[in-house]
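Novice: From the sequence below, what's the structure:
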Amino acid sequence: MKKFQLYVLDDDEEYGQRLASFIRASEFGERMQVKLFSKLELILEVLETQQATGVLLLSETYYRLLMNRRTSLHKMILSETIANSLDAETKVPFLYRFQSLHNLLTRLQAFYTEKLNEASNSHGANRTSVVSVYSSSGNSGKTMTAIHLAKQLSFRGERVFYLSLESVSSTSLWLMGETGRFSQLIYYLKSSPGLLGPKLQLLKSFDPQLRFDYLSPNDQIREMQEISGDQIRVLIDALISLNEYAYIIIDLEASVHPRIVKGLEISDHIIWLVRDDLNDVYKSKALYKQLGAMQNVHFVMNKYIGVQMNDFSELGRDIAFNLPYIPEWKSIRTPEQMWTSSIFSEQTYEMAAALFISNRHYSTNAEGAIAS
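Specialist: Here you go, the predicted structure:
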């Protein structure tokens, strides 16, 4: 996703420098580029000579001078006294200066995303693609596949959200950023679903190494078991309504819990991992029959060694893709082992290109750097 421009016009130069330094050193540096101004005539020159896009953050000192000036930038008021309000005349929102910079920028980003969403709804926009990774049995490599897929898409310039719906998720071992926020999300899912969209901007985490946003449960086993299918739909709809992501990658567990079934139902594409094992043949056939003949299922053989020994024809679908067996992953001892195979990482993207990325989309992005 292209960075948006943040223009800051503030008479407090020290505050502006601190804000800019924080952006460049944090995950917000992946999403926004900041330009500081302390003189009115300089920002007027920008507004007059450029078709600028982004957000114009104004201190109250300058806002009254520019409140009625037309610009393509979305205005926000940096206030010392007012928070979470609107200017009665212009409907421009206030942003309280004396809060943590992380919260301030999160609210600013949410505001900009909302404006983009409004513009997209008026002009028509491509819908976020929801892709789930599922299997009929454990130890099939779902999380490995889901995270490598999210990584490959993000490294090619796509905005990606990774969501684990497992009862016990191991992703806290692999991902950087704050974890353990899922319990707060569950609270809002149950008590105030209408507020979920804005809260997602505050609760989601960002991995600066893999370049995608994520939510993953830490130790909320009981809470995850109590989540309903309808609540999962609310969550996915809220993520889509942010209009911020090209892909939502859902990491599912091998069960038929209502939250898992609903995740499958609302997915645009299901990557159903199978292993070349008789037990897997039986379980995959039984579960696929129980869940119904979903048309968006792609059976993918993981841990493929070059020859297929078992017959999967009773599934009624061909094996759509083969992901390679990685001997180094037979026993994981350190988090670093997850990134030892460039072959697997690249093959996850080849799988995506073959199964659900359009030819136009693939040719446009295939020149991007391949992450190993």
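
Novice: Would you mind measuring from E166 to L116?
Specialist: Distance of E166 to L116, given as C-beta to C-beta, to the nearest Å: 31 Å. (Each C-beta comes from the backbone N, C-alpha and C, glycine too.)

Novice: One more: H269?
Specialist: 25 Å.

Novice: same deal with S154?
Specialist: Distance from S154 to L116, by C-beta to C-beta: 19 Å.

Novice: more neighbours, those two?
Specialist: A direct count of neighbours by other C-beta atoms under 10 Å for S154 and L116 places S154 higher, at 24 against 17.

Novice: these two touch, right, that one and F212?
Specialist: Yes - contact criterion C-beta atoms under 8 Å: S154 and F212 qualify, at 4.4 Å.

Novice: okay, and the common contacts of the two?
Specialist: Common contacts of S154 and F212, defined by C-beta atoms under 8 Å, 6 or more residues apart in numbering, comprise V160.

Novice: which residues touch the residue positioned nearest the centre of the chain?
Specialist: Nearest to the mean C-alpha position of the chain, counting by C-alpha atoms, centre = their mean, stands F161 at 1.6 Å. When contacts are counted by C-beta under 8 Å, 6+ apart, F161 touches 204, 212-215, 239, 244-245, 247-249.

Novice: for L149, same thing?
Specialist: Applying C-beta under 8 Å, 6+ apart, the residues near L149 are 131, 133, 249, 271, 348-349, 351-352.

Novice: hey, where'd the helices end up in the chain?
Specialist: Along the chain, counting by DSSP state H, helices occupy 13-25, 40-49, 60-66, 101-123, 142-155, 182-191, 196-203, 221-226, 229-241, 258-265, 278-291, 342-355, 359-365.

Novice: Buried deepest among the ones you listed, which one?
Specialist: The highest average neighbour count among those, using mean count of other C-beta atoms under 10 Å, belongs to helix 142-155 at a mean of 24.

Novice: List every C-alpha atom in that one, with coordinates, as CSV.
Specialist: The C-alpha trace of helix 142-155 is given here as CSV (Å, rounded to 0.1, in the frame of the first residue of the first chain):
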residue,chain,number,x,y,z
LYS,A,142,-1.6,-24.5,8.4
THR,A,143,0.2,-21.7,10.4
MET,A,144,3.4,-22.1,8.5
THR,A,145,1.5,-21.8,5.2
ALA,A,146,-0.7,-18.9,6.4
ILE,A,147,2.2,-16.8,7.7
HIS,A,148,4.4,-17.4,4.7
LEU,A,149,1.5,-16.5,2.4
ALA,A,150,0.8,-13.3,4.3
LYS,A,151,4.5,-12.5,4.2
GLN,A,152,4.8,-13.0,0.4
LEU,A,153,1.8,-10.9,-0.4
SER,A,154,2.9,-8.1,1.9
PHE,A,155,6.5,-8.1,0.4
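
Novice: between that helix and helix 342-355, how big is the angle?
Specialist: If you take axes from the mean of the first three to the mean of the last three C-alpha atoms, to 10 degrees, helix 142-155 sits at 80 degrees to helix 342-355.

Novice: So the chain: which segments form each domain?
Specialist: The chain is divided into the following domains under automatic domain parsing: 4-123, 129-365.

Novice: Comparing those domains by mean pLDDT, which bottoms out?
Specialist: Ranked on mean pLDDT, the bottom entry among the domains of the chain is domain 4-123, at a mean of 82.

Novice: what about that one, distance to the chain center?
Specialist: 24 Å (C-alpha atoms, centre = their mean, to the nearest Å).

Novice: Over to stretch 280-292?
Specialist: Counting by C-alpha atoms, centre = their mean, stretch 280-292 comes out at 30 Å from the chain centroid.

Novice: And stretch 132-141, by the same measure?
Specialist: 21 Å.

Novice: Please point out which parts of it sit buried.
Specialist: Buried residues in stretch 132-141, counted by 16 or more other C-beta atoms under 10 Å: 132-137, 140-141.

Novice: what's the most distant pair in the residues you listed?
Specialist: Pairwise distances among the buried residues of stretch 132-141 were taken by C-beta to C-beta; the largest, 16.1 Å, belongs to S132 and S137.

Novice: which of the buried residues of stretch 132-141 lies closest to N296?
Specialist: S132 (9.4 Å).

Novice: Next, the contact list for the closest one, please.
Specialist: 249-252, 263-264, 267, 269-271.

Novice: cool, I326 as well?
Specialist: I326 sits in contact with 303, 340-341, 343-344, where contact means C-beta under 8 Å, 6+ apart.

Novice: so what's I271 bridging to?
Specialist: Beta-bridge partners for I271, by DSSP bridges, are V133, H298.

Novice: From E346, how far out is I305?
Specialist: From I305 to E346 the distance is 18 Å (C-beta to C-beta).

Novice: cool, D280 as well?
Specialist: Remark: distance between D280 and E346 (C-beta to C-beta) = 25 Å.
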